[in-house]
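Engineer: sequence plus predicted model, see below.
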Amino acid sequence: MKKLFYLCIAILGTLLCLHTERINAQHVNQGAMMIGGGLYFTSIENENSSNTTSFSLLPGFAFFVANNFALGLELEYSRTKGTHSTLTSYGLGPIARGYMAGGLFGQVQYIWSEYKFEGSFGESKNSESAFRIGLGYTAFLNNSIALEPILFYSFEDEGNVFGFRIGVQAFLGR
């Protein structure tokens, strides 16, 4: 049942990204490149009802394979440090983004991460994957540079995450 839910979300996200015909002033041409990154903050509630906060850095690159539709790759570095523990994570994954009317965009992403936990009782290493969907807005400061706030929901092996991130992107060949 869980896999069917993820498949439905993936299909809806892809359709959202492909629905790019109604774009207006935020048009990005086929062949353009997007280089940039973001920061995000998450508030996570795990199954055991504990709360955690995390900060992450996300450099990325995407190529517009069609007008207003980009495919790319995003890296992720995340570090959470508590009183008695540290969690460090490195990730990599493909991303698809489609622009809609008024600067809105839909985004889907799969990411595979490897993490290391160091605490009072020793250390452990593991890997996990996540599927993320998001809705954001591109606010162009000029013809090439944009600020991008994004709300996202992440389906992860260890639980689901709702978050917000802010990105800065450079659009080359727009």
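Structural biologist: Perfect, thanks for sending it.
Engineer: helix or strand with the lowest mean pLDDT in this structure?
Structural biologist: helix 2-18 (a mean of 53; mean pLDDT, DSSP states H and E).
Engineer: to what extent is Phe162 buried, counted in neighbours?
Structural biologist: 12 (other CB atoms under 10 Å). Quick note: C-beta positions are derived from backbone N, CA and C, even for glycine.
Engineer: now the strands: where do they sit in the protein?
Structural biologist: Using DSSP state E, the strands of the chain run over 33-45, 51-66, 69-81, 85-99, 104-119, 122-137, 139-140, 145-156, 159-172.
Engineer: average model confidence for the fifth one?
Structural biologist: So the one you mean is strand 104-119. With pLDDT averaged residue by residue, strand 104-119 scores 93.
Engineer: which elements pack onto it?
Structural biologist: On a contact count with 3 or more CB pairs under 8 Å, 6 or more residues apart in numbering; DSSP states H and E, strand 104-119 meets helix 2-18, strand 69-81, strand 85-99, strand 122-137.
Engineer: related to what we said a few turns ago, His27 is nearest to which of the strands of the chain?
Structural biologist: His27 lies closest, by CB to CB, to one member of the strands of the chain: strand 85-99, at 7.8 Å.
Engineer: that closest one pairs with which strands, parallel or anti?
Structural biologist: Neighbouring strands of strand 85-99 in its sheet, by DSSP bridges, are strand 69-81 (antiparallel), strand 104-119 (antiparallel).
Engineer: per-residue pLDDT of Gln26, please?
Structural biologist: Gln26 is assigned 67 on the pLDDT scale.
Engineer: if we can go back for a sec, any chance of the strands of the chain in a markdown table with distance to His27 as columns?
Structural biologist: Compiled in a markdown table, these are given as follows (distance: least, CB to CB, whole Å):
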| stretch | distance to His27 |
| --- | --- |
| strand 33-45 | 13 |
| strand 51-66 | 10 |
| strand 69-81 | 12 |
| strand 85-99 | 8 |
| strand 104-119 | 12 |
| strand 122-137 | 15 |
| strand 139-140 | 11 |
| strand 145-156 | 13 |
| strand 159-172 | 11 |
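Engineer: mean pLDDT lowest for which of these?
Structural biologist: Across those, strand 33-45 gives the lowest mean pLDDT, at a mean of 81.
Engineer: hang on, the earlier thing: what would the helices and strands packed on strand 104-119 look like in a markdown table with mean neighbour count?
Structural biologist: Output for those, formatted as a markdown table (neighbours: other CB atoms under 10 Å):
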| stretch | mean neighbour count |
| --- | --- |
| helix 2-18 | 13 |
| strand 69-81 | 17 |
| strand 85-99 | 18 |
| strand 122-137 | 15 |
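Engineer: format the ones you listed as JSON lines; extra columns: distance to Leu39.
Structural biologist: Listed next are the helices and strands packed on strand 104-119 as JSON lines, based on distance: least, CB to CB, whole Å:
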{"stretch": "helix 2-18", "distance to Leu39": "22"}
{"stretch": "strand 69-81", "distance to Leu39": "11"}
{"stretch": "strand 85-99", "distance to Leu39": "15"}
{"stretch": "strand 122-137", "distance to Leu39": "14"}
